[in-house]
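Undergrad: next input, structure requested:
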Amino acid sequence: MGQYITFRVARQDFVMDATRIRGLLPVEDMIALDQPQQWIIGIAAIRGHDFPVVDLRGKLGIPRGSGGRSPCVVAVEVTGPRLIGFIADRVSEVLTLRNVDRSSPTLRITGRTRRVLDPDQILTDDVALSL
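TA: Okay, here's the model as predicted:
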C-alpha cells in the first residue's frame with residue numbers, strides 16, 4: 001500500500017507517488033524565465049533551495065488549454081536527489097492505493113482513468129545537465 005497524489009493538467013488526470021512530493025507553492029511564487037529553455041519555464045524556491053519549473057503540457061505533448069482555477073507549483077524530488085517543479089491546474093487528493101503497477105501508463109481510480117507520472121521521467125538527462 002502506498003500514498004499517491006492526484007492532479008490535473010489541461011483536463012488530463014494524473015497520479016504520482018506522494019512520497020516524492022516536497023511541497024505545493026502558489027504559482028505566483030514562480031519566477032518566469034524571460035526566455036524559457038526547452039520545457040523549463042521558470043524558477044521557484046522551497047526552504048531556500050531553488051529549482052526549475054517544467055511545463056508539463058509541452059513536455060508531455062498535451063495541447064494548450066486554459067489553466068485551472070487554483071494552479072500551483074508541485075515540487076517533487078527526483079533522482080539525484082534534487083528538486084524540480086511543474087504546474088498543476090489543480091491538485092485533487094491524496095489516495096492510499098494497493099500495489100500500483102508503475103509500469104502501466106494508466107490507472108483507473110473511482111471510475112476515472114489517470115496517467116501514472118514518474119517524477120524521474122519529467123526531465124531528460126540532457127535537459128537536466130544543462131541546468
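Undergrad: before we move on, which element is the residue sitting nearest the centre point of the chain in?
TA: Nearest residue to the geometric centre of the chain (Cα atoms, centre = their mean): residue 86, 4.3 Å. Secondary structure assignment for residue 86, by DSSP states H and E: strand 82-88.
Undergrad: for that strand, the distance to its chain's centre please.
TA: Distance of strand 82-88 from the chain centroid (Cα atoms, centre = their mean, to the nearest Å) equals 5 Å.
Undergrad: same check, this time on stretch 107-125
TA: Going by Cα atoms, centre = their mean, where stretch 107-125 is centred and where its chain is centred differ by 9 Å.
Undergrad: try stretch 20-27
TA: The gap between the average C-alpha position of stretch 20-27 and the chain average comes to 9 Å, counting by Cα atoms, centre = their mean.
Undergrad: what average pLDDT does that stretch get?
TA: In this model, stretch 20-27 carries a mean pLDDT of 94.
Undergrad: name the residues of that stretch that come out as buried.
TA: Neighbour-count burial for stretch 20-27, with 16 or more other Cβ atoms under 10 Å as criterion, is recorded at 20-22, 25, 27. Heads up, the C-betas are built off the backbone N, CA and C, glycines and all.
Undergrad: in helices only, show me those residues.
TA: Among these, no residue falls in helices (DSSP state H).
Undergrad: okay, helices next: where are they in this protein?
TA: With helices called from DSSP H, the chain shows them at 56-59, 125-129.
Undergrad: by mean pLDDT, show me the worst of those helices.
TA: Ranked on mean pLDDT, the bottom entry among these is helix 125-129, at a mean of 45.
Undergrad: show me where this structure has its strands.
TA: Ranges of strands in the chain, per DSSP state E, are 2-9, 12-17, 21-26, 31-37, 40-46, 49-54, 72-78, 82-88, 90-97, 106-109, 112-116.
Undergrad: dump the ones you listed to JSON lines, plus distance to residue 64.
TA: As requested, these are exported to JSON lines (distance: least, Cβ to Cβ, whole Å):
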{"stretch": "strand 2-9", "distance to residue 64": "11"}
{"stretch": "strand 12-17", "distance to residue 64": "12"}
{"stretch": "strand 21-26", "distance to residue 64": "22"}
{"stretch": "strand 31-37", "distance to residue 64": "14"}
{"stretch": "strand 40-46", "distance to residue 64": "13"}
{"stretch": "strand 49-54", "distance to residue 64": "15"}
{"stretch": "strand 72-78", "distance to residue 64": "18"}
{"stretch": "strand 82-88", "distance to residue 64": "13"}
{"stretch": "strand 90-97", "distance to residue 64": "17"}
{"stretch": "strand 106-109", "distance to residue 64": "22"}
{"stretch": "strand 112-116", "distance to residue 64": "18"}
